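> Structure, please.
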Amino acid sequence: MPRRVRETPAAMLSEASVGAGEVVFGTRAGLAKWVGTHRSQITRAANGQELGGEEGWRLSGLAAVVTALLALYEPEAVAGWLQGNNPHLGDRRPLDVLARGDVAAVMAAVQAARTGAYA
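As a prediction, the model looks like this:
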């Protein structure tokens, strides 16, 4: 059994972020590829170790967006929303926009979906 990092709020958020990523990618390997790190880093994050740098920003941004989307859609639909072209993002895929670090633009698209706004 893996040794767990002390349960701090940051550790719990790290674990939850990996869970959110698994909703989208289905596997930690797929999540690691998108985040831009080795899957062992994702395993460490799942065990409560914070993932820093740009990779950590991508993972936490993805978690925030997935959390917001889960309030609107079933888990199976969240991956499709993130992988599809979105008119509120200039017909770019939300995952591509997130990968560049623009969490705010993707959250604005989530808000548009929530309110039924048309692009």
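> and whatever helix or strand G30 lives in, what does it pack onto?
Taking DSSP states H and E as the definition, one finds G30 inside helix 28-35. Other elements packing on helix 28-35 under the criterion 3 or more Cβ pairs under 8 Å, 6 or more residues apart in numbering; DSSP states H and E are helix 9-25, helix 39-46, helix 53-70. Where C-beta positions appear, they are placed from N, C-alpha and C, glycine not excepted.
> now do 10 Å
helix 9-25, helix 39-46, helix 53-70, helix 94-99 (3 or more Cβ pairs under 10 Å, 6 or more residues apart in numbering; DSSP states H and E).
> Now the first one - C-alpha only, CSV.
This means helix 9-25. Taking only C-alpha atoms (Å, rounded to 0.1, in the frame of the first residue of the first chain), the coordinates of helix 9-25 have been written out as CSV:
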residue,chain,number,x,y,z
PRO,A,9,-6.1,20.8,2.4
ALA,A,10,-3.6,21.0,-0.4
ALA,A,11,-3.1,17.2,-0.4
MET,A,12,-6.8,16.6,-0.5
LEU,A,13,-7.2,19.0,-3.4
SER,A,14,-4.4,17.3,-5.3
GLU,A,15,-6.1,14.0,-4.9
ALA,A,16,-9.4,15.4,-6.0
SER,A,17,-7.7,17.0,-9.1
VAL,A,18,-6.5,13.6,-10.2
GLY,A,19,-10.0,12.3,-9.8
ALA,A,20,-11.4,15.1,-11.9
GLY,A,21,-8.8,14.3,-14.6
GLU,A,22,-9.8,10.7,-14.6
VAL,A,23,-13.4,11.7,-15.4
VAL,A,24,-12.1,13.3,-18.6
PHE,A,25,-9.3,10.9,-19.6
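> Right, I'll call it a day here.
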